[in-house]
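Engineer: build me a structure from this.
(one chain, ligands or ions: 1)
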Amino acid sequence: MVDESADVEVIIECQKCGRVVGNIQKVLSQDWLVVNGIAITVMRGVCTDCGQEFHWSISEKKLAQLFTKEG
Ligand SMILES: [Zn+2]
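Structural biologist: Below you'll find the predicted structure:
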């Protein structure tokens, strides 16, 4: 009930071609990249459509949030 307004889904897509990779879901006050129902902590690879490198890390994301929250 606390996070009633926090269920906004953010779609993560390939930065080059826009292919959808997954989406961000807030679980236990933490943002997770969810791909096919799995909450990802670290994900590395390349887009199968265009070859663009993809790198997701929850720790880096959290770091970034610390900085943006300050601002
Ligand atoms: Zn791509």
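
Engineer: going forward, measure contacts and count neighbours with C-alpha atoms only.
Structural biologist: Noted.

Engineer: and the residue nearest the centre of the chain?
Structural biologist: Among the residues of the chain, L33 comes closest to the average C-alpha position under CA atoms, centre = their mean, at 3.7 Å.

Engineer: is it in a bridge, and if so with what?
Structural biologist: For L33, the beta-bridge partners are I24, I40 (DSSP bridges).

Engineer: residues in contact with it?
Structural biologist: Counting by CA atoms under 8 Å, 6 or more residues apart in numbering, L33 makes contact with I12, G22, N23, I24, Q25, A39, I40, T41, I58.

Engineer: does L66 belong to a helix, a strand or coil?
Structural biologist: L66 falls in the helix class when you classify it by DSSP: H, G, I helix; E, B strand; the rest coil.

Engineer: run the chain-centre distance for the helix or strand harbouring K62.
Structural biologist: Per DSSP states H and E: K62 is located in helix 58-70. Chain-centre distance of helix 58-70: 12 Å, with CA atoms, centre = their mean, to the nearest Å.

Engineer: cool, and stretch 61-71?
Structural biologist: Per CA atoms, centre = their mean, the centroid offset for stretch 61-71 relative to its chain is 14 Å.

Engineer: distance of the closest residue to V35 other than its chain neighbours from Q65?
Structural biologist: The shortest distance from V35 to any non-neighbouring residue, by CA to CA, 6 or more residues apart in numbering, is to G22 (4.8 Å). As judged by CA to CA, to the nearest Å, G22 and Q65 stand 19 Å apart.
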